[in-house]
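> Give me a model of this one.
(chains A and B)
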Amino acid sequence: MEKITFEQLQEEMYYEKLNNGLDVYILPKKGFNKTYATFTTKYGSIDNHFLPPGKDDYVKVPDGIAHFLEHKLFEKEDGDVFQQFSKQGASANAFTSFTRTAYLFSSTSNVEKNLETLIDFVQEPYFTEKTVEKEKGIIGQEITMYDDNPDWRLYFGLIQNMYKNHPVSIDIAGTIESISDITKDMLYECYETFYHPSNMLLFVVGQVNPDEIMGLIKENQGKKEYKNQPEIKRVFDEEQAGVAEKKQVLKMNVQTSKCLVGIKAAAPTESGKEMLKKELSINVMLDILFGKSSENYTELYGSGLIDDTFSYDYTEEQGFGFAMVGGDTNEPDVLASKLETMLMDAKAGRGLTDDNLERTKKKKIGAFLRAVNSPEYIANQFTRYAFNDMDLFDVVPVLESLTLDDIKQAADKLIAEERFTVCQVVPKDKK
Amino acid sequence: MAVISESIKDMKGYKLHIVKTEKFKTNTIVWKMKAPLTSEDATKRALLPYVLQSNSKAYPSTSKFRSYLDELYGANLFVDVSKKGEYQVLSFSLEIANEKFLSDRNPLLKKGMQLMAEILVNPLADNEAFDKETVEKEKRTLKQRIQAVYDDKMRYSNFRLVQEMCKDEPYALHVNGEIDDIPQIDEKNLYEYYKKAFAEDELDLFIIGDVDETEVQSIAEELLQFDQRTPKLVEPVKDAHVEEKTVKDQEDVKQGKLNIGYRTNVLYGDNDYYALQVFNGIFGGFSHSKLFLNVREKNSLAYYVASRLESHKGLMMVMSGIEFENFELAVKIIREQMEAMQAGDFTDQEIEQTKAVIENQMLETMDTARGMVEVLYHNVVSHQNVSLDDWLQGMSKTTKEEIVDVAKKVQLDTVYFLTGLEADK
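Predicted structure coming up:
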């Protein structure tokens, strides 16, 4: 077991790669009541075309299957795992993103038992035709719930505008039609492909003794037999550089319009330190441009084009990346064109000054400290970073190292008019 | 060992609550103001914190003000308006880095407290009036904030349920007030209200973090002084006469939103409040509860179905999203679960499981500074002095008989259903 110390943060973390390939991280948090653990596979909604182990032919699986599998892992022959966790005083949950599926619990007692429950339920699938059919009704309601949510529709609409072939444009839960095709055999096939320990990461953070926890995990894994699994082969169709659609307007039952401007990143291929630096540069740039202390924000808020729902964000994983800016507005077209102009100005260097950079760095460093108060943040973000060969605890040193040149370069590379796209939600009765 | 230690000090016009803990890398400052919820003041009151957090005399523009927050290592300031029983509560929160974890060791807590005091007592105002432009901008945003409720159908249906259920009570008011009241507000009458609120509200300052109590107290004394006051108390509405009713609205939605309101006839601080907590947990509070098991797992009717308590108002709300045509069936199943609770049809294991999860939830809440403040504030609202240890002990001692007794006090008040345009009424 390796010990890693972060002096500035006054934290310690323990790491070991087990024989079956599982990465285990333990971060003891003094003074916290709770322990939070995530067990995550590098498998999400975009992994829909792959070679199952031991097979000769690639398969394409229905939209929404990774999320469906996440739901179904909770059900066992003798009932559902939620019951087990709550008997042990824990609350459990799971989520599926574009690139990850995470299972988690938090508890303030019975940590060892809960950790075993977590590992075992994820490693012992039980799928039957009957339980698969039953879940279609439940997930169907989850999908309809999102259909009524204008912010979700706006967000996904924007991604669909950007990507023509890449599966990031597929809604994570799929559609009622696509999930109707899912069978138990397909679930087993996905499971066998993506739930091997060598494709997974276990993170435990909280009031724990690292030696004991690591011992328990190793003993648990030692009892289970896993054959070595070769690297997973995934297929992604080629994606064009430009956006699929320049604009999309969704008419919904709302009173206030919404508008997001998106920028599709030029095919991201970075990982590790390079990716971290790029991601942080873009985030700092967006903060300089649109943060509450910026000129742009003052202008937009002052002229009534935005309200406190205004936000901006950059998302990147290997193979896709996008920035988005916007929020609720009474003038979606005016806002879109203003935002595009502001972005083009930034590409030309406007507003990107040393003063703004230094101030924003301080802001980001403080935000990081705030974030690491949260065990949830540490476990989830650390995992995401690790899957991209980045280290969460490099964030502050890399932030401190950023120069104005880095920010200008990031702006120049990201921002390009042909990769802009706009998505709006407008009230049904309005033109 | 006590779960947390809170020290409370009487200051000039307010109470200072300090929780010393080393678990966070930041320090948290929260200022709370409480006054009765009334239709005359609700909208003005909802606007006030947003005007105050926009700027101040020393930082007269939003960009100057926000730049200063950035300089303080991104001190995070936000305001919030909430309903707690018969009261409307304003919260101003500032979370600031503890310099112990920075390479730059300049002390930040005092600067944070100074900034909090600056927005509270030194607003951008002249001649008994706020800056007009600031007020106009925030009026516009408030309007959009109120409208946003209609656009989020889950929130909207809950709001409609409360509106129907508490028709003639102040609690029916929207937490952000009414759109129609906004045009009458101006920089003068809002300033007048500001004066009144600081003269009459019940005021509390919370400081959470690795702080020195004596130092915090002397800084607070120096920065914040108000006239003493006797906070206004409102007798909770105890509605003995409940008549069951069903209300349906039709809207352009894809999923029906079912919200059911009950009167619990139990308030925070009452003897049977702990039993009510356990009751709610067995009935619908968690993913092992009867509602989740029967509505979702057994019948596949819903993705979400849960109940939650409004502790200071004596309400319990069930919420779920279902197909339009499953309305009757879902209501029937939910009623059956309530009948089962009242008949004592639940096992000792369900009780133990629920107690374990409630204790876990409470202890987890104490792992965030905001969670601590919200829990401690229950005592302020209810004028009680229940320590967290008492709370946990009281909850864990609850017996099956007590749970059944409290279940029998719970009365169904209103079934609300937001259904689609094409659905039959």
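
> Phi and psi next, for the residue nearest to residue B:3 when sequence neighbours are not counted.
Using C-beta to C-beta, 6 or more residues apart in numbering or on different chains and skipping the chain neighbours, the partner closest in space to residue B:3 is residue B:388 (4.6 Å). For every residue, glycine as well, the C-beta is placed using N, CA and C. Backbone torsions of residue B:388, given as degrees, to the nearest 10, read phi -60, psi -40.

> any idea how far residue B:371 is from residue B:388?
Separation of residue B:388 from residue B:371 (C-beta to C-beta, to the nearest Å): 11 Å.

> who's more crowded, these two?
residue B:388 (19 against 16; other C-beta atoms under 10 Å in any protein chain shown).

> Please give me every residue in contact with the more buried one.
Contact partners of residue B:388, counting by C-beta atoms under 8 Å, 6 or more residues apart in numbering or on different chains, are B:2-4, B:362, B:366, B:375.

> Just the buried subset of those, please.
B:4, B:362, B:366, B:375 (16 or more other C-beta atoms under 10 Å in any protein chain shown).

> Quick one: those residues as JSON lines, columns for secondary structure and distance to residue B:255 too.
JSON lines is the format used below for the buried ones among the contacts of residue B:388 (DSSP: H, G, I helix; E, B strand; the rest coil; distance: C-beta to C-beta, whole Å):
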{"residue": "B:4", "secondary structure": "coil", "distance to residue B:255": "41"}
{"residue": "B:362", "secondary structure": "helix", "distance to residue B:255": "32"}
{"residue": "B:366", "secondary structure": "coil", "distance to residue B:255": "36"}
{"residue": "B:375", "secondary structure": "helix", "distance to residue B:255": "33"}
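
> mind listing what the helix or strand bottoming out on mean pLDDT in chain A pairs with, with the direction of each?
In chain A, the helix or strand scored least confidently by mean pLDDT, DSSP states H and E is strand A:79-80, which has a mean of 88. Partner strands and pairing direction for strand A:79-80 (DSSP bridges) are strand A:75-76 (antiparallel).

> List the contacts of the least confident helix or strand of chain A.
Under C-beta under 8 Å, 6+ apart, the answer for strand A:79-80 is A:74, B:297.

> Now do the phi/psi pair for residue 106.
The chain I'm using is chain A. Residue torsions, per degrees, to the nearest 10, at residue A:106 are phi -140, psi 140.

> element containing the nearest residue to it once chain neighbours are set aside?
Spatial nearest neighbour of residue A:106, chain neighbours left out: residue A:36 (4.5 Å); criterion: C-beta to C-beta, 6+ apart. Secondary structure from DSSP states H and E places residue A:36 in strand A:35-41.

> just residue B:237 next, same as before
Using DSSP H and E, no helix or strand contains residue B:237.

> Show the contacting residues for it.
Counted by C-beta under 8 Å, 6+ apart, residue B:237 has contacts B:86, B:169, B:171.

> swap in residue A:273?
Here residue A:273 is in contact with A:390, A:394, A:398 (criterion: C-beta under 8 Å, 6+ apart).

> repeat for residue B:120
B:31, B:52, B:92, B:198, B:224.

> next one: residue B:202
B:33-35, B:229, B:231-232, B:380.

> Same check on residue B:255?
Applying C-beta under 8 Å, 6+ apart, the residues contacting residue B:255 are A:141, A:144-145, A:147-148, B:153, B:321-323.

> Next step: those restricted to helices.
Among the contacts of residue B:255, DSSP state H puts A:141, A:144-145, A:147, B:153 in helices.

> if we can go back for a sec, so which of the contacts of residue B:120 are in helices?
Checked against DSSP H, the contacts of residue B:120 include these in helices: B:52, B:198.

> Leaving out sequence neighbours, find the closest residue to the residue nearest the centre of chain B.
What sits nearest the mean C-alpha location of chain B, by C-alpha atoms, centre = their mean, is residue B:82, with 5.0 Å. Closest residue in space to residue B:82, ignoring its immediate chain neighbours: residue B:89 at 5.1 Å, by C-beta to C-beta, 6+ apart.

> And residue B:29, its phi and psi?
phi -120, psi 120.

> filter the buried ones among the contacts of residue B:388 down to the ones near chain A?
residue B:366 (C-beta under 8 Å from any C-beta of the partner chain).

> Among the buried ones among the contacts of residue B:388, which one lies nearest to residue A:428?
residue B:375 (42.7 Å; C-beta to C-beta).

> How about the contacts made by that closest one?
B:362, B:365-366, B:388.

> What of residue A:305?
Counted by C-beta under 8 Å, 6+ apart, residue A:305 has contacts A:329-331, A:334-335, A:338.

> switch the cut-off to 6 Å
A:329, A:331, A:335 (C-beta atoms under 6 Å, 6 or more residues apart in numbering or on different chains).

> How much space separates it from chain B?
According to C-beta to the nearest C-beta, to the nearest Å, residue A:305 stands 10 Å off from chain B.

> any idea which element that residue lies in?
Residue-wise, residue A:305 maps onto no helix or strand under DSSP H and E.

> Drop anything exposed from the contacts of residue B:202.
Buried among those by 16+ other C-beta under 10 Å: B:33-35, B:380.

> Mark which of the residues you listed are part of strands, please.
Counted as lying in strands by DSSP state E, out of these, are B:33-35.

> Just give the closest residue to the residue lying farthest from the centre of chain B, not the sequence neighbours.
In chain B, counting by C-alpha atoms, centre = their mean, residue B:103 sits farthest out from the average C-alpha position, at 36.6 Å. Sequence neighbours aside, residue A:8 is the residue nearest to residue B:103 in space, at 6.8 Å (criterion: C-beta to C-beta, 6+ apart).

> Give the burial count for that neighbour, as a bare number.
Counted with other C-beta under 10 Å, residue A:8 comes out at 14.

> List the backbone torsions phi and psi for it.
The phi/psi pair for residue A:8 (degrees, to the nearest 10) is phi -60, psi -40.

> which residue ranges form the strands in the stretch 201-350 of chain B?
With DSSP state E, counting those that start in this stretch as the criterion, the stretch 201-350 of chain B has strands at B:202-209, B:245-251, B:256-263, B:305-310, B:315-322.

> Nearest to residue A:221 among those strands would be which one?
strand B:305-310 (35.2 Å).

> now, among the contacts of residue B:202, which is nearest to chain A?
When those are ranked by distance to chain A (C-beta to the nearest C-beta), residue B:33 comes first, at 19.9 Å.

> what about the closest one, distance to residue A:57?
From residue B:33 to residue A:57 the distance is 67 Å (C-beta to C-beta).

> ok, back up a step: Produce a ChimeraX select command limited to the buried residues of the contacts of residue A:305.
Buried subset of those, written as a ChimeraX selection, criterion 16+ other C-beta under 10 Å:
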select /A:329,335
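
> Now secondary structure too, for the contacts of residue A:305, in TSV please.
As requested, the contacts of residue A:305 are exported to TSV (DSSP: H, G, I helix; E, B strand; the rest coil):
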residue	secondary structure
A:329	strand
A:331	coil
A:335	helix
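
> how about the contacts of residue A:305 in TSV, adding pLDDT?
Output for the contacts of residue A:305, formatted as TSV (pLDDT from 0 to 100):
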residue	pLDDT
A:329	97
A:331	97
A:335	98
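
> Can you check the pLDDT for the residue nearest to residue A:43 when sequence neighbours are not counted?
Spatial nearest neighbour of residue A:43, chain neighbours left out: residue A:194 (3.6 Å); criterion: C-beta to C-beta, 6+ apart. Listed pLDDT for residue A:194 reads 98.
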